[in-house]
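> With the sequence up front, the predicted model follows.
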Amino acid sequence: MALLAIPFFTSWMLTLFLLFVPTLASEWIEYPDNGFATLTHYSLPLDYIASCGCTAESTHYPTAALSQMAFGSSTAYGPACGRCFNLTLLNTFLSVPPFFPSGHQSIVVKVTDLCPLSTTGWCNATTNGPNAAGHDLNFDLAFPSTSIPSNFFPSNASYYGYTDFGVWNISYESVSCSNWEGWNDAAALGSVTGQGPESVCCAADPTNSSNTCTSYSDHNGIAPDTTTSLGHSTPQPYIFTLSLVSSILPLFGYFYE
């Protein structure tokens, strides 16, 4: 069937789908269990259900978003969901001169969210190149947080004239989530109820392929069911775009019959 014969609405839907093809076909960053990264911070409301669909109670403990191409999905859940990392502050990146604290603050976080890919910013690393600090990963710490001391980030206000440096060079280490502060709170583990495993995925301690989330963007299988009845919140409505794409895919068979 010639494309000119496709009804206008169907043609419009096809155009919309093609706009998403580069994102769906993107190559995700594969990273070692230990390395270096940048660390930023963002505001995450208490009890908010972020991209992975981890329970509301998870926000009562240290959590972070991971840069999109390392997260492994452009929306909803990805392979990084539920993973835990020990993050250690090394030095600031933007200040002149760089600030090297006398000690090295560390914190174990659980990945519950993604930091969207952009042309600028710190979450823009791809397989074609790192971010401005030369790193493939950026952890975006949910901070301020009731679970993190307000003085977690060292500073020298008398010298620099401010206390928030914004961006830090850090080292990271993948660790068992038994090291995470929320490990002993069953309600903080797993993903919210009321959504099927095709919609949310937040493994309590993802350590192998059987309990690691797949990539929502890649549509390469149903994620493991990590829902828990102990979480009480309902997730925020998901962006509908990839669901729309899923509904369009069968049309390709129609186009070329």
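Looks like it arrived, so ask away. Being a predicted model, the structure only gives us computed values, none of them experimental.
> the strands in this structure, which residues?
34-42, 63-67, 84-92, 106-115, 138-142, 168-175 (DSSP state E).
> quick one, which of the ones you listed is nearest to Ala157?
Ala157 sits nearest to strand 84-92 of all these, at 13.2 Å, using CB to CB. No exception for glycine: its C-beta is placed from N, CA and C like everyone else's.
> Direction included, what does the closest one pair up with?
In the sheet containing strand 84-92, its partner strands are strand 106-115 (antiparallel), strand 168-175 (antiparallel), by DSSP bridges.
> Could you identify which of the ones you listed is most buried?
Most buried of the strands paired with strand 84-92 by mean neighbour count (mean count of other CB atoms under 10 Å) is strand 106-115; its value is a mean of 24.
> The residue nearest to Gly53 when sequence neighbours are not counted: neighbouring residues, count only.
Here the nearest residue to Gly53 in space, its sequence neighbours aside, is Val200; by CB to CB, 6 or more residues apart in numbering that works out to 2.6 Å. Residues lying near Val200 (other CB atoms under 10 Å) number 29.
> Tyr77 is in contact with Val200, correct?
Yes - between Val200 and Tyr77 there is a contact under CB atoms under 8 Å: 6.3 Å.
> What's the separation between the residue nearest to Gly53 and Gln105?
Val200 is 32 Å from Gln105, where distance means CB to CB, to the nearest Å.
> Would you map the helices across this structure?
8-24, 68-71, 157-160, 241-248, 251-255 (DSSP state H).
> For Ala65, name its beta-bridge partners.
Asp113, Asp140.
> Ser155 is nearest to which of the strands of the chain?
Between Ser155 and the strands of the chain, the tightest spacing by CB to CB is seen for strand 84-92, at 9.2 Å.
> Now do that closest one: distance to the chain's middle.
Put simply, strand 84-92 sits 17 Å off its chain's centre (CA atoms, centre = their mean, to the nearest Å).
> tell me the angle that strand makes with strand 34-42.
80 degrees (axes from the mean of the first three to the mean of the last three CA atoms, to 10 degrees).
> Give me the contacts around strand 84-92.
Applying CB atoms under 8 Å, 6 or more residues apart in numbering, the set of residues contacting strand 84-92 from outside is 36-37, 39, 64, 98-101, 104-111, 139, 141, 153-154, 165, 167-177, 179-180, 205.
> how about Gly182, phi and psi?
phi -90, psi 10 (degrees, to the nearest 10).
> what's the closest non-adjacent residue to Gln103?
Let me fix one detail, which is that residue 103 is Gly and not Gln. Pro154 (7.5 Å).
> Show the contacting residues for that neighbour.
Counting by CB under 8 Å, 6+ apart, Pro154 makes contact with 89, 99, 101-103, 105.
> Where neighbours are concerned, which of those residues has the most?
Going by other CB under 10 Å, Leu89 tops the contacts of Pro154 with 22 neighbours.
> how close does that residue get to Pro32?
20 Å.
> Let's see the pLDDT reported for Phe8.
Predicted confidence (pLDDT) for Phe8: 37.
> Check Tyr31 too.
What the model reports as pLDDT for Tyr31 is 96.
> neighbours of it, just the number please.
Tyr31 - counted by other CB under 10 Å - has 19 other residues nearby.
> from memory it sits against Asn138, does it?
No - counting by CB under 8 Å, Tyr31 sits too far from Asn138 to count as a contact (11.4 Å).
> Quick one: residues contacting Ser150.
Applying CB under 8 Å, 6+ apart to Ser150 gives the contacts Pro144.
> before we move on, what about Trp183?
The neighbourhood of Trp183, defined by CB under 8 Å, 6+ apart, consists of 177, 189.
> Check what pLDDT it gets.
Value for Trp183, per-residue pLDDT: 98.
> for Val192, same thing?
Confidence score, pLDDT, at Val192: 94.
> Asn169 too?
Looking at Asn169, its pLDDT is 98.
> Leaving out sequence neighbours, find the closest residue to it.
Asn169 sits nearest to Leu90 (CB to CB, 6+ apart), 4.6 Å away.
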